[in-house]
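> Starting from these lines, generate the structure:
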Amino acid sequence: PLILFSASNDETRPGLSGVNFLSNDELVIVSTDGFRLSLIKTKKEMKFPSMLIPADFLRELLQYIKEAGETLFSYSEKEKVVSFKIEEDEFFSRLIDEDFPPFEKVIPSEKKTTIKLEKEDFLRNIKLISVFARELSNVVILETDEKGVTIYAKNTGEDDNKTVQDAQVEGEKQRIAFNFKFLQEFLVTTKGKTVTIEVLRSDAPVVFKVDSNPDFLHIIMPVRVQ
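Below you'll find the model as predicted:
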């Protein structure tokens with residue numbers, strides 16, 4: 001679930017509609033739809049080549065894995081097919097024969113601001129402001145100061161349509177705009193008590209992390225606003 005929600009549903013872009021399994025010294029699993037990216041690193045339990053598996057197949061497979069015990073995995077390099085055996089059932093999928101985008105270039109190597117806040121409070125505030133944002137291109141703005149983070153919909157201009165959330169803010173003041181749907185889906189999908197947001201500048205990819213999983217990171221591209 002931490003990876004699947006970021007994969008594209010656009011069938012005309014097959015390279016983005018899969019989950020990339022990058023096998024090196026460790027296993028890196030990553031997905032992106034061009035606007036956001038999810039990545040998780042884990043220990044490699046077995047030797048297999050890098051591959052791009054359709055996200056729709058993995059979503060369906062996940063429903064069976066949740067209710068099952070042991071899952072067996074196999075791969076045919078000649079046929080470019082993966083198979084999963086769950087109890088008495090076996091599932092097959094052909095791999096996506098496309099290049100996955102060079103996602104490493106999207107991950108910022110530096111930051112100028114770090115924001116740490118309570119995840120459930122953040123989700124509640126995003127849902128609150130989204131009522132106004134739906135009428136204004138779905139854009140919400142996060143603005144930091146020494147008090148915390150002010151969250152408001154684009155161009156509302158009314159104090160009643162703003163909310164301030166306590167947060168630990170280190171570094172420069174920032175004003176960043178997002179599609180609220182991307183923020184909300186990230187917060188609903190992930191677990192944990194706190195979210196850490198790392199910002200370089202308002203037009204650069206923004207990194208989101210959760211305290212419950214140090215090996216996971218999520219990136220959302222901000223929206224440009226005047």
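
> so what's the backbone phi/psi at the spatially most distant residue from the centre of the chain?
In the chain, the greatest distance from the average C-alpha position (C-alpha atoms, centre = their mean) is reached by residue 88, at 32.9 Å. Comment: the main-chain dihedrals of residue 88 come out as phi -90, psi 0, following degrees, to the nearest 10.

> Likewise for residue 101?
Backbone geometry at residue 101, expressed as degrees, to the nearest 10, gives phi -60, psi 150.

> List the contacts of it.
Contacts for residue 101 (C-beta atoms under 8 Å, 6 or more residues apart in numbering) come out as 15, 16, 32. C-betas here are computed from N, CA, C, even on glycine.

> Could you do residue 171 as well?
Residues touching residue 171, when contacts are defined by C-beta under 8 Å, 6+ apart, comprise 111, 112, 113, 114, 199.

> Export those as a markdown table, with columns for distance to residue 79, secondary structure and neighbour count.
Below are those laid out as a markdown table (distance: C-beta to C-beta, whole Å; DSSP: H, G, I helix; E, B strand; the rest coil; neighbours: other C-beta atoms under 10 Å):
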| residue | distance to residue 79 | secondary structure | neighbour count |
| --- | --- | --- | --- |
| 111 | 44 | coil | 17 |
| 112 | 48 | coil | 15 |
| 113 | 49 | strand | 18 |
| 114 | 47 | strand | 17 |
| 199 | 45 | strand | 24 |
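
> State the pair within these that is farthest apart.
When the contacts of residue 171 are compared pair by pair using C-beta to C-beta, the two farthest from each other are 112 and 114, 8.8 Å apart.

> So for the two, which residues contact both of them?
Between them, residue 112 and residue 114 share these contacting residues under C-beta under 8 Å, 6+ apart: 171, 199.

> ok, which stretches of this structure are helices?
Along the chain, counting by DSSP state H, helices occupy 55-65, 119-133, 180-189.

> how about TSV for these, with mean neighbour count added?
Rendered in TSV, the data for those read as follows (neighbours: other C-beta atoms under 10 Å):
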stretch	mean neighbour count
helix 55-65	15
helix 119-133	18
helix 180-189	19
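
> Where among those is average confidence lowest?
Looking at the helices of the chain, the lowest mean pLDDT belongs to helix 55-65 (a mean of 88).

> which outside residues touch that helix?
By C-beta under 8 Å, 6+ apart, the list of residues contacting helix 55-65 reads 1, 4, 7-8, 17-19, 31, 71, 84, 86, 89, 91, 93.

> Next: stretch 142-161.
Contact partners of stretch 142-161, identified using C-beta under 8 Å, 6+ apart, comprise 113, 115, 117, 125-126, 129-130, 132-133, 135-137, 139-141, 162-167, 169, 173-178, 197, 225.
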